[in-house]
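Colleague: okay, sequence plus prediction incoming.
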There are 2 protein chains.
Amino acid sequence: MTANQTPSDSETTKLVGETAGPKEEQIVERIFEAVVDQRLRPGTKLSEAALCEAFNVGRMHIRRSLLLLASRGVVEIISNRGAYIASPNEKEAHDVFEARLAIEPSVVKLAVRRATPTDIDRLEKHLLLEHTAHENGNRQDAIRLSGLFHIMLAEIANNSVMLGTIKELIARASLIIGIYGAPGVSSCRDDDHKELIDTFIKGEEELAASLMYAHLNKILNNIDLEQTNSSNEDLNSIFNGTTEVGA
Amino acid sequence: MTANQTPSDSETTKLVGETAGPKEEQIVERIFEAVVDQRLRPGTKLSEAALCEAFNVGRMHIRRSLLLLASRGVVEIISNRGAYIASPNEKEAHDVFEARLAIEPSVVKLAVRRATPTDIDRLEKHLLLEHTAHENGNRQDAIRLSGLFHIMLAEIANNSVMLGTIKELIARASLIIGIYGAPGVSSCRDDDHKELIDTFIKGEEELAASLMYAHLNKILNNIDLEQTNSSNEDLNSIFNGTTEVGA
DNA sequence: AGATGCCATATTGTCGACAATACATACCGG
DNA sequence: CCGGTATGTATTGTCGACAATATGGCATCT
């Protein structure tokens, strides 16, 4: 319910890959989405009871889902204290974006190589949605769609390992942007995405990789500059506590 | 017990990163090691009761550990049937090595950039061990040490995200080699590793990346050639059932 | 004799109750 | 009035028992 606000792009392809029961899969997916949408902010407590009620499942399923999320660095489990949405410190933030810089150029290269006309159509339709969200000043949609664009690229690249890694990195990047990012410049300008799509039409793999590298570097710079003064925001996000898990 | 047969390299740095209790961490780590060592072969059933006894822990901890392993693609959980060491099919095998080709060159580049003299010493000492294992025809040690070399590179690169991904990929690659790989040519020739270490001394990042790319491609070729006739081995590994979990 | 259906057994999945730990409040002493 | 301590409450961690499902053997029928 809280999730699909945009009619298209409703199916996001599962993250955990039917590795566990369908219950855990759905729960993890929903929480991932909420993190990418920044509806769940860093430091938010995820109490088991609340989640049980929200998802109408037993405590065990919640527990297992939280464990999976923790193993992906999206949730932090503190013994005898509970589970919290992760608050990446500067080192973790650096590592996440360094990893994106290392991986995503390769991903987009493969995506360009393998994209079908249908895929390109999907990307263009998606770009339109992004543009609309930006114009309407709909920040939440803009962020989600922006992340989704990168995930779509990984889907087109058609590599399950990379897709999983990218999904994890996108979610963690959302958290990082939430903590360290400037409120206005958040996420990607959609212009960069447009340039990327152009390389798909021409099939220019190497150019696509370069553009992606530059694109991510741009985001990273917007963040690193804020590193020093962001410790306040970090503490804030830790201590303002509960933002009420939607239900 | 079954694990550290080589005196050095005893500590392998945890994989799951203190995300869960120390129990799960250890169990996951031990099973990972066993997979990399090829002591646990694809298709092996991991019964909960047996693991409970082997690790002297409650069923819950085993269950959670298996879930984590499944989320990393090392274990396959089939509903109401149990957990089995994963048997990657050709697509999965392809994806794993494609991912390694995409990521590891970047990893080694960072490693070269950040390696201290101490790190290089460790690598050289490790290379010696690899060489010894090869000369002695100690296949099991050779495989383990070979995988460990790649993990050491990720450790030197000092990026937690990439380290976790690499560990997962190494384990899955071990499974793939176990299924599709030629018995003799298994794992990496240590010559390639030697060449790589040379680039560390000279600080040649780009060369290191190229060498790594070529190195992985070499392994991949050894595997792809065997793809067609390996379907027998695949079925075999699925149906011959239990290879006795050591304990 | 071969195949099919049924039953016993073993393993997994799920739930509930209890124990342990941390947090918040209230109480007491300085 | 403030600090420290102790108790009560809430949440998490763990364990055990029970239910559900798949596997394997056995009897029966064709």
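Modeller: Alright, I've got the coordinates. Residues are numbered from 1 along each chain as shown, chains lettered A, B, ... in the order given.

Colleague: wait, what's in contact with whichever residue of chain A sits closest to DNA strand C?
Modeller: Closest contact between chain A and DNA strand C, by CB to the nearest atom of the strand, is at A:Gly58 (2.9 Å). Where C-beta positions appear, they are placed from N, C-alpha and C, glycine not excepted. Under the criterion of CB atoms under 8 Å, 6 or more residues apart in numbering or on different chains, the contact partners of A:Gly58 comprise A:Cys52.

Colleague: so which bits of chain A are right by DNA strand C?
Modeller: Contact residues, chain A versus DNA strand C (CB under 7 Å from any atom of the strand): A:Gly21, A:Lys23, A:Val57, A:Gly58, A:Arg59, A:Met60, A:His61, A:Asn80, A:Arg81.

Colleague: close to DNA strand D: what parts of chain A are there?
Modeller: Of all the residues in chain A, those lying near DNA strand D are A:Lys45, A:Leu46, A:Ser47, A:Glu48, A:Ala49, A:Arg63, A:Ile77, A:Ser79, A:Asn80, A:Arg81, A:Gly82, A:Ala83, going by CB under 7 Å from any atom of the strand.

Colleague: try 6 Å this time
Modeller: Within chain A, the positions lying close to DNA strand D (CB under 6 Å from any atom of the strand) are A:Ser47, A:Glu48, A:Ala49, A:Ser79, A:Asn80, A:Gly82.

Colleague: and stretch A:76-95, what's its mean pLDDT?
Modeller: Averaging the model's pLDDT scores along stretch A:76-95 yields 96.

Colleague: report the buried residues of it.
Modeller: The neighbour-count check on stretch A:76-95 (16 or more other CB atoms under 10 Å in any protein chain shown) flags A:76-77, A:83-88, A:90, A:92-95 as buried.

Colleague: one step back: which of the residues of chain A next to DNA strand D fall within strands?
Modeller: With strands identified by DSSP state E, the entries of those that belong to them are A:Gly82.

Colleague: up against chain B, what does chain A have?
Modeller: Residues of chain A that fall close to chain B, judged by CB under 8 Å from any CB of the partner chain: A:16-17, A:19-21, A:24, A:64, A:67-68, A:70-73, A:76-77, A:79, A:91-92, A:95-96, A:98-99, A:101-103, A:106-107, A:110, A:159-162, A:165, A:169.

Colleague: of these, which belong to strands?
Modeller: Cross-referencing the residues of chain A next to chain B with the strands (criterion: DSSP E) gives A:Glu76, A:Ile77 as the overlap.

Colleague: and the longest helix for chain A?
Modeller: Longest among the helix segments of chain A by residue count, using DSSP state H, is helix A:90-114.

Colleague: what's the angle between that one and helix B:90-114?
Modeller: 130 degrees (axes from the mean of the first three to the mean of the last three CA atoms, to 10 degrees).

Colleague: for helix A:90-114, packing partners?
Modeller: Judged by 3 or more CB pairs under 8 Å, 6 or more residues apart in numbering or on different chains; DSSP states H and E, the packing partners of helix A:90-114 are helix A:139-157, helix A:160-180, helix A:190-202, helix A:205-224, helix B:90-114, helix B:160-180.

Colleague: one more time with 6 Å, if that's ok
Modeller: Applying 3 or more CB pairs under 6 Å, 6 or more residues apart in numbering or on different chains; DSSP states H and E, we find helix A:90-114 packed against helix A:139-157, helix A:160-180, helix A:205-224, helix B:90-114, helix B:160-180.

Colleague: hey, what's the angle from it to helix A:139-157? Just curious.
Modeller: Orientation check (the same axes, to 10 degrees): helix A:90-114 against helix A:139-157 gives 50 degrees.

Colleague: quick one: buried residues of the helix or strand following helix A:90-114?
Modeller: Taking DSSP states H and E as the definition, the helix or strand that follows helix A:90-114 towards the C-terminus is helix A:117-135. By neighbour count on 16+ other CB under 10 Å, the buried set for helix A:117-135 is A:Asp119, A:Arg122, A:Leu123, A:His126, A:Leu127, A:Leu129, A:Glu130, A:His131, A:Ala133, A:His134.

Colleague: if I look at the fourth one, how far off is B:Ser146?
Modeller: Okay, so that is A:His126. Counting by CB to CB, to the nearest Å, the gap from A:His126 to B:Ser146 is 42 Å.
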